[in-house]
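Q: Sequence first, predicted coordinates after that:
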Amino acid sequence: MTSQCETELQKLSLQTFTEYCGAITRLDLTGTNGAKWHLSRFETCPLLRELHLRIVDTAPNRSGIYPFSRPERLQQLQSVTLLNGHLQEGVVTSLATLKALEVLDLSGCSLGINNTLIPLEKCTQLRKLVLKDVCFSPSHKNKLLGKVHHLRTLLTTTEVLPEVTLPDYTDYKLVLTQEPTPTSFSPEEVGKVTRKTLSDFLDDNDEHTYWPNEYAFSQANSPHFWNEQYATYDHNRLHLPYPVGGSPIRCPDGRRRYARGEPTPHGVVISHFWQSVLDLNVSLIVMVKELEQNGNYLPLQKGEKLTFGTKTPLEIVCSDVLHLSHEMTLRILLVNGKKVQHLHKFLSDGSGMDLPTIMDFLDQIEKLEKESLDASTIIHCFQGVGRTGLAFACLILRQLLKDQPKELPLRLDLKMLLSSLRQQREKMVMTESQLTCILQLFRYLRTDTNGHDMTR
């Protein structure tokens, strides 16, 4: 039987079924790939309470699922399951008008670029939303994930949505692939790739309202976030008894690392910063910026001492200064007697690093972190996004490639790497020179001992 005949038979069967079964209360259907499923056909079942539609054999094309046309006819529909389909424009909006909807499962569905989750705010009866393995459009992933977090925040505060399964793209599994698509690293191609990638990601981060950061913008907390307010998301901030800037950044090796902006030159802000160093068991602070851009929060000269705080004074003493290179200095600090190492790498705003510099920089971080394996690390520039994002991207990339055989050709998905970082903190990596630095590091790490380029 031809696929066209199958489709026509499917249409006829579905139409006959829905027209003559108006008393049915539950539908559990399994569909084949490539079909068009119009939810409006089920509107002839006014007593319907549960609708379960599963699509099988979804590769390479997804079955299209089209919206209800008159959802008000389904006053008793409480549970909808749509598995593995491609949701056409308007599907989520039409689902949101189902007044009795309590459970919605969209596992395995593709949301595309024309569906948002925000209309679900209107579902006052919704108690369970499942988004397991939901496929987001690559160019809109940040916005859609932001809307998921935004939706979760709004609904959980009113205890309407106690159970939500969110997709997680921060495990970096998709950053490296063995796809046969070649990656050219000629200067012309690098410029073309990085400019396009940068443009795409800047566009994806224009709408900050989808990534709530109300905690950082609140009047009481804003002095602690003034240079990083937009960058610190509510869903990924530090939870300490006092306001303090910073975002936990997940890394493949499992070490606890935090990205943040430079502490502002206010006593209470700097006091909270140093208190967080103690509370988070920080053994290494990495600064990637000019030293004098916003005043000093640390003693610079050997023997110099600074004191912050009144109720609980914090004494920071510089016990030694080591000049590792022309642009890299290590200071050994004592914070209320606890040893904390401060690695300063001079890097002007928006700039990247050449290959020898970035390798030396990463080697120093790895060496210093090994001295305290159970501790944590803070990395910061001025705002904690561009240069800090570059440092994290390079750290993560080297960790991902550490155990990969050199003879295995790999392709770097630069957009996926940046997307993974920007789910945790906004605008991580900001300029073309920083993106180029990441690509050059990837090429260097994938060149075998005979000088053969093993990148794809």
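A: Noted; the coordinates are in hand.
Q: Report the secondary structure state of the nearest residue to residue 30 once chain neighbours are set aside.
A: Excluding the flanking residues, the one nearest residue 30 by C-beta to C-beta, 6 or more residues apart in numbering is residue 54, at 4.9 Å. All C-beta atoms are positioned from the backbone trio N, CA, C, and that covers glycine. Classification of residue 54 using DSSP: H, G, I helix; E, B strand; the rest coil returns strand.
Q: Please name the residues that touch residue 54.
A: 29-31, 81, 83-84 (C-beta atoms under 8 Å, 6 or more residues apart in numbering).
Q: I'd like the residues you listed written out as TSV, with pLDDT, secondary structure and distance to residue 312 added.
A: Converted to TSV, those look like this (pLDDT from 0 to 100; DSSP: H, G, I helix; E, B strand; the rest coil; distance: C-beta to C-beta, whole Å):
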residue	pLDDT	secondary structure	distance to residue 312
29	85	strand	64
30	80	strand	63
31	73	strand	64
81	92	strand	54
83	87	strand	54
84	83	coil	56
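Q: on that earlier part again, looking at the sheet around the residue nearest to residue 30, what are its partners?
A: Beta bridges link residue 54 to residue 30, residue 83, judged by DSSP bridges.
Q: measure it to residue 65 for me?
A: 11 Å (C-beta to C-beta, to the nearest Å).
Q: domains in this protein, as residue ranges please.
A: Domains of the chain are assigned by automatic domain parsing as 3-165, 176-445.
Q: ok, of those domains, where does mean pLDDT dip lowest?
A: Between the domains of the chain, the lowest average pLDDT goes to domain 3-165, which shows a mean of 72.
Q: And stretch 345-362, what's buried?
A: 345, 347, 352-353, 357-362 (16 or more other C-beta atoms under 10 Å).
Q: Check stretch 284-304 too.
A: 284-289, 297-299.
Q: And the strands in the stretch 151-300 of the chain?
A: Assigned strands in the stretch 151-300 of the chain, in chain order: 163-165, 176-177, 247-249, 256-260, 282-288 (criterion: DSSP state E, counting those that start in this stretch).
Q: Please identify the deepest-packed of these.
A: Highest mean neighbour count among the strands of the stretch 151-300 of the chain (mean count of other C-beta atoms under 10 Å): strand 256-260, with a mean of 24.
Q: Could you list the paired strands of it along with their orientation?
A: strand 247-249 (antiparallel), strand 376-380 (parallel).
Q: a markdown table for those, including distance to residue 428?
A: Formatted as a markdown table, those follow (distance: least, C-beta to C-beta, whole Å):
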| stretch | distance to residue 428 |
| --- | --- |
| strand 247-249 | 8 |
| strand 376-380 | 11 |
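Q: quick one: which of the ones you listed is nearest residue 229?
A: strand 247-249 (12.2 Å; C-beta to C-beta).
Q: Could you list the residues in contact with that closest one?
A: Contact with strand 247-249 is made by 231-233, 236-238, 256-260, 384, 392, 421, 424-425, as judged by C-beta under 8 Å, 6+ apart.
Q: Repeat the analysis, applying 10 Å as the threshold.
A: 170, 228, 231-233, 235-239, 256-260, 280, 376-377, 379, 384-385, 388-389, 391-392, 395-396, 420-421, 424-426, 428 (C-beta atoms under 10 Å, 6 or more residues apart in numbering).
Q: Now, of those, which are buried?
A: Buried among these by 16+ other C-beta under 10 Å: 228, 231-233, 235-238, 256-260, 280, 376-377, 379, 384-385, 388-389, 391-392, 395-396, 420-421, 424-426, 428.
Q: Narrow these to those in helices?
A: Among the buried ones among the contacts of strand 247-249, the residues falling in helices (DSSP state H) are 388-389, 391-392, 395-396, 420-421.
Q: Tabulate the strands of the stretch 151-300 of the chain (CSV), appending distance to residue 46.
A: Formatted as CSV, those follow (distance: least, C-beta to C-beta, whole Å):
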stretch, distance to residue 46
strand 163-165, 28
strand 176-177, 48
strand 247-249, 49
strand 256-260, 54
strand 282-288, 62
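Q: All the helices of the stretch 301-450 of the chain, residue numbers only.
A: 355-370, 386-401, 414-422, 432-445 (DSSP state H, counting those that start in this stretch).
Q: residue contacts, residue 231?
A: 208, 211, 213, 216, 225, 245-247, 259-261, 383-385, 388-389, 422, 425-428.
Q: ignore the last one, residue 376
A: Listed by C-beta under 10 Å, 6+ apart, the contact partners of residue 376 are 248, 255-258, 277, 280-284, 369.
Q: can you count the residues close to residue 108?
A: When neighbours are defined as other C-beta atoms under 10 Å, residue 108 has 18 of them.
Q: Which member of the contacts of residue 376 is positioned nearest residue 41?
A: residue 248 (47.0 Å).
Q: Kindly state the beta-bridge partners for the closest one.
A: Bridge pairing for residue 248 - DSSP bridges - gives residue 258.
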